[in-house]
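>>> pasted the sequence and its predicted model underneath.
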Amino acid sequence: MTTHGKKVLASATGGQARLLGLGDLMKVSRAGLIASHLWLFFLPVALSGQLPGVAFWVGALYVTVPLGLLIYGWNDFRDADVDALSRRKRDSTMAAWFGYRLGEAKRRLLPAAIVALQLPFVVLTAAFGQLRVLLWLPAMALANALYNGPGVRLSRLPVVAELTALWIYINILWLSVLLSGIELRWPAWALAATVILAFQVAGAIVDIPADRRTGKRTLAAVLGERRAALALAVIVAIKAALLGAGLQAPLAALLNLAAVPLCLARPAFVRVHWSGLLYVYFVLVDWICLGLLTVSTGGIR
């Protein structure tokens with residue numbers, strides 16, 4: 001980070017607070033979730049077989065730490081009450097990959113860090129003539145503002161929270177379409193929606209105790225562990241159907257159907273580490289499916 005960047009991220013409290021280091025930014029950006037961001041971003045390429053231009057690859061870099069900081073840093077800044085009780089964020093292994101909790105002094109630096117990491121992407125994409133990104137970024141910011149606040153906090157309302165999160169993540173796919181110029185049929189958008197909802201519900205299940213104690217009424221918190229796990233299994237089954245019938249990828253469909261029993265396995269959610277392993281399984285299956293979809297289109301040209 002440059003000297004100027006460090007000054008931007010310095011605390012306004014007389015310099016007593018430490019700066020946000022690269023390790024902090026990586027952890028807040030949910031290093032474990034970056035693979036899912038990239039999966040959504042590369043989906044149009046896998047389905048079309050087209051090799052996009054430079055602006056697309058700038059976007060691929062952006063959807064890692066900079067976008068992760070926008071999505072999760074904003075959430076961390078507003079959700080300190082829930083994070084203090086979260087089993088996921090109190091477990092050192094899970095926190096390092098799926099939900100790091102900053103101290104209060106560093107947490108106050110997050111807004112400046114978020115803005116600082118968005119600017120290079122805006123400048124670079126504008127330089128490549130991708131001015132539509134200037135419409136995309138406000139849409140992403142609006143979705144995050146509605147989900148986390150200030151003001152309205154849709155993350156605390158059942159169903160609405162999941163739909164708003166879906167909007168946030170589907171924007172990654174939309175950004176890929178804008179930068180690549182590749183058009184997608186409806187099964188691809190529906191597939192992306194099921195992938196997003198599966199991760200959203202799976203992550204919410206392990207957070208049920210903390211969410212209930214702070215009044216955060218996610219769909220999982222309202223349904224309870226067992227019924228939320230059943231909802232997750234249904235979502236994964238729908239994803240398998242879309243792969244098999246909508247995208248003609250039967251092997252990919254079978255791989256997803258194999259995940260249904262795991263969704264119903266209670267230990268996967270009772271123990272925090274099991275939840276992380278379930279996420280890793282989902283990611284592996286999704287990337288294998290992406291490879292199979294790429295092969296079915298004849299490969300990248």
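Everything's here; your move.
>>> now do stretch 121-134: distance to the chain's middle.
Distance of stretch 121-134 from its chain centroid, counting by Cα atoms, centre = their mean, to the nearest Å, is 22 Å.
>>> for residue 53, grab phi and psi.
Main-chain torsions, residue 53, degrees, to the nearest 10: phi -90, psi -170.
>>> report pLDDT for it.
Per-residue confidence (pLDDT) for residue 53: 91.
>>> kindly report the same for residue 9.
Predicted confidence (pLDDT) for residue 9: 40.
>>> repeat for residue 80
We have a pLDDT of 60 for residue 80.
>>> which elements pack onto the lengthiest helix in the chain?
Of all the segments of type helix in the chain, defined by DSSP state H, the longest one is helix 272-296. In this structure, helix 272-296 packs against helix 34-48, helix 87-90, helix 92-98, helix 186-206, helix 250-257, helix 260-263, helix 267-270, with contacts taken as 3 or more Cβ pairs under 8 Å, 6 or more residues apart in numbering; DSSP states H and E. For glycine as for every other residue, the C-beta is placed from the backbone atoms N, C-alpha and C.
>>> can you redo these as CSV with distance to residue 161, mean pLDDT and mean neighbour count?
Formatted as CSV, the helices and strands packed on helix 272-296 follow (distance: least, Cβ to Cβ, whole Å; pLDDT from 0 to 100; neighbours: other Cβ atoms under 10 Å):
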stretch, distance to residue 161, mean pLDDT, mean neighbour count
helix 34-48, 18, 93, 21
helix 87-90, 17, 57, 18
helix 92-98, 18, 56, 16
helix 186-206, 8, 89, 21
helix 250-257, 24, 89, 18
helix 260-263, 20, 84, 17
helix 267-270, 18, 49, 17
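>>> CSV for these, including distance to residue 277?
Shown next, in CSV, are these (distance: least, Cβ to Cβ, whole Å):
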stretch, distance to residue 277
helix 34-48, 14
helix 87-90, 13
helix 92-98, 10
helix 186-206, 11
helix 250-257, 17
helix 260-263, 9
helix 267-270, 8
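>>> next structured bit after the helix or strand residue 114 falls within?
Counting by DSSP states H and E, the element that carries residue 114 is helix 110-127. As assigned by DSSP H and E, the chain's next helix or strand after helix 110-127 is helix 133-148.
>>> who does that next one touch, helix- and strand-wise?
Judged by 3+ Cβ pairs under 8 Å, 6+ apart, helix 133-148 is in contact with helix 74-78, helix 110-127, helix 160-180.
>>> contact partners for residue 201?
Residues in contact with residue 201, defined by Cβ atoms under 8 Å, 6 or more residues apart in numbering, are 162, 219, 220, 228, 231, 232, 235.
>>> from residue 45, how far out is it?
As judged by Cβ to Cβ, to the nearest Å, residue 201 and residue 45 stand 27 Å apart.
>>> next one: residue 156
Distance from residue 156 to residue 45, by Cβ to Cβ: 36 Å.
>>> contact partners for the closest residue to residue 41 other than its chain neighbours?
Distances taken as Cβ to Cβ, 6 or more residues apart in numbering put residue 176 closest to residue 41, at 4.6 Å, once the chain neighbours are dropped. Contacts for residue 176 (Cβ under 8 Å, 6+ apart) come out as 40, 41, 42, 43, 44, 45, 56, 59, 182.
>>> my understanding was that the first one contacts residue 172; is that so?
Yes: with contacts counted by Cβ atoms under 8 Å, residue 40 reaches residue 172, the gap being 4.4 Å.
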